[in-house]
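*Asks:* what would the 3D arrangement of this be:
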Amino acid sequence: MLLLGADEAGKGPVIGSMFVAGLVIEEDRLFDLAGFGVKDSKLLAPAKREILARKINGIATDQYILEVKAQVIDELRLVMTMNDIMVRSFSTVVAKLHADRAILDAADVNAERFRDRVKAASKTTMDLVAEHKADQRHHVVSAASILAKVRRDASMRELEEAMHCKIGSGYPHDQDTLNFLNEWVKENRCLPPCARHSWATAQRIKASFI
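*Replies:* Okay, the predicted model is just below:
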């Protein structure tokens, strides 16, 4: 039986893209994921995630990683909620892949509602399950979370190289991220294109200088 796991990385940051990863494996490969030491990506060091991502890629039957850029998130938030964006993103990933059963990390306080909305939007015939903390309960979802997080981390480092400055993780609690935003707005009198302008953190910093 083919299993699909899907999870996101980067839903909350004020800077950078969000990534939703879908991973398909044969059910008997769950033992391999367990043997690798796969777990929720937030519980793993960056170097360990990169090692695991290479191992996961080696046993995957198929995978798809969707990038939703900061500007796209801002534009979508003009016409829909963040919950709607999550449904749209997960359904895009699910529609790209085929498996007998799909397990999603629920991106809504109501997991059943999230499952139903993704199933309808993706038009999938797969048996679909959505659970809170699925990335802690199901190895295939943990593996997807690792792929999404590794891609998100790489994108942030690429952004730092392109902008020739330290940006940090992109999350509002990261002092490097806040320092970058403050300095950019102070110097340019506008928010950087890589920021999510609709985020409260970005709006607050912008208001303090403009």
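*Asks:* CA only for contacts and neighbour counts going forward, please
*Replies:* OK.
*Asks:* I'd guessed L128 sits against R113; true?
*Replies:* No - in this structure, L128 is not within contact of R113 by Cα atoms under 8 Å, at 11.9 Å.
*Asks:* who has more neighbours out of the two?
*Replies:* L128 (19 against 15; other Cα atoms under 10 Å).
*Asks:* would you map the strands across the chain?
*Replies:* 2-9, 18-26, 62-68, 101-105, 127-131 (DSSP state E).
*Asks:* who does the longest helix seen in the chain touch, helix- and strand-wise?
*Replies:* As assigned by DSSP state H, the longest helix anywhere in the chain is helix 139-163. The criterion is 3 or more Cα pairs under 8 Å, 6 or more residues apart in numbering; DSSP states H and E, and the helices and strands that helix 139-163 contacts are strand 2-9, strand 18-26, helix 30-36, helix 46-59, strand 101-105, helix 134-137.
*Asks:* change it to 7 Å
*Replies:* With contacts defined as 3 or more Cα pairs under 7 Å, 6 or more residues apart in numbering; DSSP states H and E, helix 139-163 has these neighbours: strand 2-9, strand 18-26, helix 30-36, helix 46-59, helix 134-137.
*Asks:* export the strands of the chain to CSV and tack on mean pLDDT and distance to M163?
*Replies:* Output for the strands of the chain, formatted as CSV (pLDDT from 0 to 100; distance: least, Cα to Cα, whole Å):
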stretch, mean pLDDT, distance to M163
strand 2-9, 98, 22
strand 18-26, 98, 19
strand 62-68, 98, 20
strand 101-105, 98, 33
strand 127-131, 97, 38
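*Asks:* got those as JSON lines, with distance to V150 columns?
*Replies:* Conversion of the strands of the chain to JSON lines gives the following (distance: least, Cα to Cα, whole Å):
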{"stretch": "strand 2-9", "distance to V150": "9"}
{"stretch": "strand 18-26", "distance to V150": "10"}
{"stretch": "strand 62-68", "distance to V150": "11"}
{"stretch": "strand 101-105", "distance to V150": "17"}
{"stretch": "strand 127-131", "distance to V150": "22"}
